[in-house]
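Visitor: Structure of the sequence below:
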Amino acid sequence: MDLALYAVNAVLVEGRSVRDVAAATGRSKSWVHRHVMLFRAGGEPALTPAKRGPKTAPNQTPETVEDSIVSLRKSLAELGLDAGASTIGYHLQAQGLDPPARATIHRILVRRGFVTPQPQKRPRSSWQRFEAQLPNECWQSDMTHWHLDHDVHCEIINFIDDHTRAVLASVAVTTATATDVVRVFFNAAATYGLPASVLSDNGAIYTAAYRGAATGLEIELAALGITFKHGKPYHPQTQGKVERYHRTLKTYLRRRPPAQDLHELQTQIDRFVHLYNEQRPHQARGCPPMHAWRTLDKATPILDSQPILANTKVRHDKVDTTGCVTLRHRSRLHHIGIGRAHRGRRVLILVCDLDIRVIADDGQQLRHLTLDPTRDYQARSRTTV
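Guide: Here you go, the predicted model:
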């Protein structure tokens, strides 16, 4: 029984004196007398201690702001987009409001029942983070599985920038092959420039080292002087950024009607990539990833002590029977002499304005020249590299 109610009953029901009850309960006579008077005035509810302090906390988040937070949480979640505290704060600021602190937004979401505790997660203190220092210093790549309508299986190949988390390629294919990976990589490089390194898992489309061979991407990157790194087997945390992108992408796709074919799925993916790159703020950057990618300097791969600049175009070709490769510049075809000893050999041609480099598939530089637009045949002199 509550001590105050016990004291009141002792005085009013048992007829004991205030002095005796005070001595028996270890309280003062004024304390016993005050509770007796409260009970006589308002009954048992009056014995409940009144809340101290102001009725409303001066630093409490206004109810209108809380409602805006809840509304944003619901609308973002319905679209399948990230709806965490940082993202909500970003959108509140974009609406011209002064957002509360991230921790305050999180507490509001917990209080309103939008956050489910996950005590099984590893503590943040156990994480080991790594991050490239510049855009294009490292690209992460991986493939993930998806299903079209009627449970038709397909796969999605992704490349993201390690520093900014910008999605550089997200392409749906029926079954991902090593050839698909090379195609997606060079399409991304044509838009964003070549990276200094690439990080992937040990999937068969990325590496064949365990078979004593090399995949197409391994060969192409080696020829360009681009470092190709692989995470430890069965340790996807090494490629954690692209793995996290898979989860975010799939959350969005699950909110859409199942795609009927690859074309429809690619349309959904392209729409999400635009939202992810241009509108959705990334927690690591505090802004949409592509905004950060555009504003920072880019790392470049180094080939024979010379950087491969971002505007460099990469062409695949084969040395013809006369020992030449062809290159079109401003609608005019030019023949570049490589040497009959290399005829039939597959090569990469790096074109940066008039600067031309011809690279063999093993990384050997066969020719480096400045194109003369006035001449068709670019002869190979004895002093030419």
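Visitor: so how far is E155 from G216?
Guide: G216 is 17 Å from E155, where distance means CB to CB, to the nearest Å. All C-beta atoms are positioned from the backbone trio N, CA, C, and that covers glycine.
Visitor: swap in V110?
Guide: 37 Å.
Visitor: between those two, who's got more neighbours?
Guide: Legend: neighbour count by other CB atoms under 10 Å for V110 and E155, higher for E155 (17 against 13).
Visitor: Look up the residues forming beta bridges with that one.
Guide: Beta-bridge partners recorded for E155 (DSSP bridges): H145, V173.
Visitor: can you tell me which residues contact it?
Guide: M143, T144, H145, W146, A172, V173, T174, T175, A176 (CB atoms under 8 Å, 6 or more residues apart in numbering).
Visitor: ok, now with 6 Å
Guide: For E155, the contact set (CB atoms under 6 Å, 6 or more residues apart in numbering) comprises M143, H145, V173, A176.
Visitor: next one: the helix or strand that the first one is a member of to chain centre, how far?
Guide: Element membership of M143 [criterion: DSSP states H and E] is strand 139-147. Put simply, strand 139-147 sits 13 Å off its chain's centre (CA atoms, centre = their mean, to the nearest Å).
Visitor: Quick one: mean pLDDT for it?
Guide: For strand 139-147, mean pLDDT is 95.
Visitor: How is the chain partitioned into domains?
Guide: 3-47, 63-117, 139-295, 312-378 (automatic domain parsing).
Visitor: So which of the ones you listed is the most surrounded?
Guide: Across these, averaging neighbours per residue (mean count of other CB atoms under 10 Å) puts domain 139-295 on top, at a mean of 18.
Visitor: where does the residue nearest to D161 when sequence neighbours are not counted land in three-state SS?
Guide: Once flanking residues are discounted, D161 sits nearest to P135: 5.4 Å by CB to CB, 6 or more residues apart in numbering. Assigned by DSSP: H, G, I helix; E, B strand; the rest coil, the conformation of P135 is coil.
Visitor: okay but P135 is in contact with R294, surely?
Guide: No. Contact between P135 and R294 fails when scored by CB atoms under 6 Å: they sit 8.7 Å apart.
Visitor: And R285, how close does it get to A222?
Guide: In this view, R285 and A222 are 31 Å apart by CB to CB.
Visitor: quick revisit: nearest to H263, of the contacts of E155?
Guide: Nearest to H263 among the contacts of E155, counting by CB to CB, is V173 at 11.9 Å.
Visitor: Give me the phi and psi for K229.
Guide: Backbone torsions of K229, given as degrees, to the nearest 10, read phi -110, psi 150.
Visitor: quick one: contacts for it?
Guide: Listed by CB under 6 Å, 6+ apart, the contact partners of K229 are L199.
Visitor: And Y252, by the same measure?
Guide: Listed by CB under 6 Å, 6+ apart, the contact set of Y252 reads G80, F272.
Visitor: in this protein, which spans are strands?
Guide: Taking DSSP state E to define them, one finds strands in the chain at 139-147, 153-161, 167-173, 197-200, 227-230, 302-303, 306-307, 313-318, 324-329, 332-337, 346-352, 355-360, 365-370, 377-378.
Visitor: What strands line up against the fifth one, and which way round?
Guide: For strand 227-230, the pairing partners within the sheet under DSSP bridges are strand 197-200 (parallel).
Visitor: Distance of the closest residue to P236 other than its chain neighbours relative to A213?
Guide: In this structure, P236 finds its nearest non-sequential neighbour in E243, 5.1 Å apart by CB to CB, 6+ apart. E243 sits 26 Å away from A213, going by CB to CB.
Visitor: So for stretch 205-221, mean pLDDT?
Guide: 89.
Visitor: first vs last residue of that stretch, how far apart are they?
Guide: 14 Å (CA to CA, to the nearest Å).
Visitor: how far out from the middle of the chain is it?
Guide: 26 Å.
Visitor: How about stretch 223-238?
Guide: Using CA atoms, centre = their mean, the offset of stretch 223-238 from its chain centre is 18 Å.
Visitor: Could you measure from Q283 over to T248?
Guide: Distance from Q283 to T248, by CB to CB: 11 Å.
Visitor: can you check H150 too?
Guide: 25 Å.
Visitor: Please apply the same query to I269.
Guide: I269 is 12 Å from T248, where distance means CB to CB.
Visitor: try I108
Guide: From I108 to T248 the distance is 23 Å (CB to CB).
Visitor: Over to T312?
Guide: Distance from T312 to T248, by CB to CB: 31 Å.
Visitor: how about low-confidence regions in this structure?
Guide: Within the chain, the stretches with pLDDT under 70 are 1, 55-58, 117-129, 284, 382-385.
Visitor: Run through the helices of it in chain order.
Guide: Counting by DSSP state H, the chain has these helices, from start to end: 3-12, 18-25, 29-42, 63-78, 85-94, 102-111, 178-192, 216-224, 240-254, 262-274, 289-295.
Visitor: A166: which of those helices is closest?
Guide: That would be helix 289-295 among the helices of the chain, by CB to CB, at 3.9 Å.
Visitor: Other residues contacting that closest one?
Guide: Against helix 289-295 from outside (CB under 6 Å, 6+ apart): P135, T164, R165, A166, N277, E278, H282, R285.
Visitor: Not counting sequence-adjacent ones, nearest residue to the last one?
Guide: When you say that, I think you mean R285. Counting by CB to CB, 6+ apart, R285 lies nearest to A292, which is 4.6 Å off, once chain neighbours are set aside.
Visitor: same check, this time on the third one
Guide: Taking CB to CB, 6+ apart, and ignoring the residues beside it in sequence, R165 has P289 as its nearest neighbour in space, at 4.6 Å.
Visitor: how near is that neighbour to P135?
Guide: 10 Å.
Visitor: which neighbours do these two share?
Guide: T164.
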